[in-house]
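> I would like the atomic coordinates for the input below:
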Amino acid sequence: MSAAEQGAPTDLDPAARKAVLRQLTYGLYAVTLAADGAVHAFTANWLTQVSFDPPMVAVSVENDSRSIGMLRASGVFAVNVYDAADRELAGRLGKRSRTLPDKLAGVPYRLAANGCPILLAALGVLECRVTGSLPAGDSTLFVGEVVRAEVLREGTPLTMNAAGFRHSG
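All right, here's what the predicted structure looks like:
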């Protein structure tokens, strides 16, 4: 029986797609990178844990970003959990590199064992080693094994909803 015969919609309603995708909940994270002596960061909302054993996370990276080249070159990244009070920092690191080439200028950080920045304002950090990637439309999904974790302080993590950010869906 075809989808149409089962009563399933046969085409995608753009308004419904946007409305439902905006109902999905997302955290906001600073993903930091280091490659060839340079450091960089971006705000990610498409990031999730994908395995308990070994501990692994996946992050979606836009194919036309500066970040993807650095990630491919180094094979490492760090996930910094934003505090709920860090909306401005999340917005800053969420800007395109063409608009703000040195996003970490003036942002306090130290380097992790893998060379990636650990933001001093973060609640916690996961240091990761890339174990695989998968093309995903206009982005690439990178899977990373968590090789080190550190709690920096207590707090409430920032979410897309709390920040007032909206993904276009």
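
> any idea of the mean pLDDT for the helix or strand where residue 143 lies?
Assessed by DSSP states H and E, residue 143 sits inside strand 139-151. The average of the pLDDT scores along strand 139-151 is 97.

> could you pull out the buried residues of stretch 135-146?
Burial within stretch 135-146, assessed by neighbour count using 16 or more other C-beta atoms under 10 Å, is assigned to 139-146. The C-beta positions use only the backbone N, C-alpha and C, and glycine is treated the same way.

> no wait, stretch 89-107
Buried-residue list, stretch 89-107, by 16+ other C-beta under 10 Å: 89-90, 92-94, 103-104, 107.

> out of the buried residues of stretch 135-146, which is nearest to residue 73?
Distance to residue 73 across the buried residues of stretch 135-146 (C-beta to C-beta) is lowest for residue 142, with 12.7 Å.

> spit out the contact partners of the closest one.
Contacts here follow C-beta atoms under 8 Å, 6 or more residues apart in numbering; on that basis residue 142 touches 58-61, 71, 77, 130, 132-133.

> filter those residues to the buried ones?
Applying 16+ other C-beta under 10 Å to the contacts of residue 142 flags 58-61, 71, 77, 130, 133 as buried.

> could you dump those into a markdown table and include secondary structure?
Output for those, formatted as a markdown table (DSSP: H, G, I helix; E, B strand; the rest coil):
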| residue | secondary structure |
| --- | --- |
| 58 | strand |
| 59 | strand |
| 60 | strand |
| 61 | strand |
| 71 | helix |
| 77 | strand |
| 130 | strand |
| 133 | strand |
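
> between all of the residues you listed, which two are separated the most?
The most widely separated members of the buried ones among the contacts of residue 142, counting by C-beta to C-beta, are 60 and 130 (13.3 Å).

> so which of the buried residues of stretch 89-107 sit within helices?
Under the assignment DSSP state H, the buried residues of stretch 89-107 contribute 89-90, 92-93 to helices.

> which one of these sits closest to residue 26?
residue 90 (11.5 Å).

> measure that closest one to residue 36 for me?
From residue 90 over to residue 36 the distance is 26 Å, taken as C-beta to C-beta, to the nearest Å.

> same thing with residue 119?
21 Å.

> of the two, which one has the most company?
Legend: neighbour count by other C-beta atoms under 10 Å for residue 119 and residue 36, higher for residue 119 (24 against 8).

> nearest the middle, which residue of this protein would you pick?
Nearest to the geometric centre of the chain sits residue 44, at 2.6 Å (C-alpha atoms, centre = their mean).

> and stretch 36-51, C-alpha only, in PDB?
Provided in PDB are the C-alpha atoms of stretch 36-51 (Å, rounded to 0.1, in the frame of the first residue of the first chain):
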ATOM      1  CA  ASP A  36      47.800  24.400  12.300                       C
ATOM      2  CA  GLY A  37      48.400  26.800  15.200                       C
ATOM      3  CA  ALA A  38      45.000  28.600  14.900                       C
ATOM      4  CA  VAL A  39      42.100  28.300  17.300                       C
ATOM      5  CA  HIS A  40      38.400  28.900  16.400                       C
ATOM      6  CA  ALA A  41      34.900  28.400  17.800                       C
ATOM      7  CA  PHE A  42      31.300  28.300  16.700                       C
ATOM      8  CA  THR A  43      28.000  28.000  18.400                       C
ATOM      9  CA  ALA A  44      26.300  24.700  17.800                       C
ATOM     10  CA  ASN A  45      22.700  23.600  18.500                       C
ATOM     11  CA  TRP A  46      22.700  20.300  16.600                       C
ATOM     12  CA  LEU A  47      24.800  18.400  19.000                       C
ATOM     13  CA  THR A  48      23.800  15.200  20.900                       C
ATOM     14  CA  GLN A  49      25.200  12.200  22.800                       C
ATOM     15  CA  VAL A  50      25.100   9.200  20.600                       C
ATOM     16  CA  SER A  51      26.700   6.400  22.600                       C
END
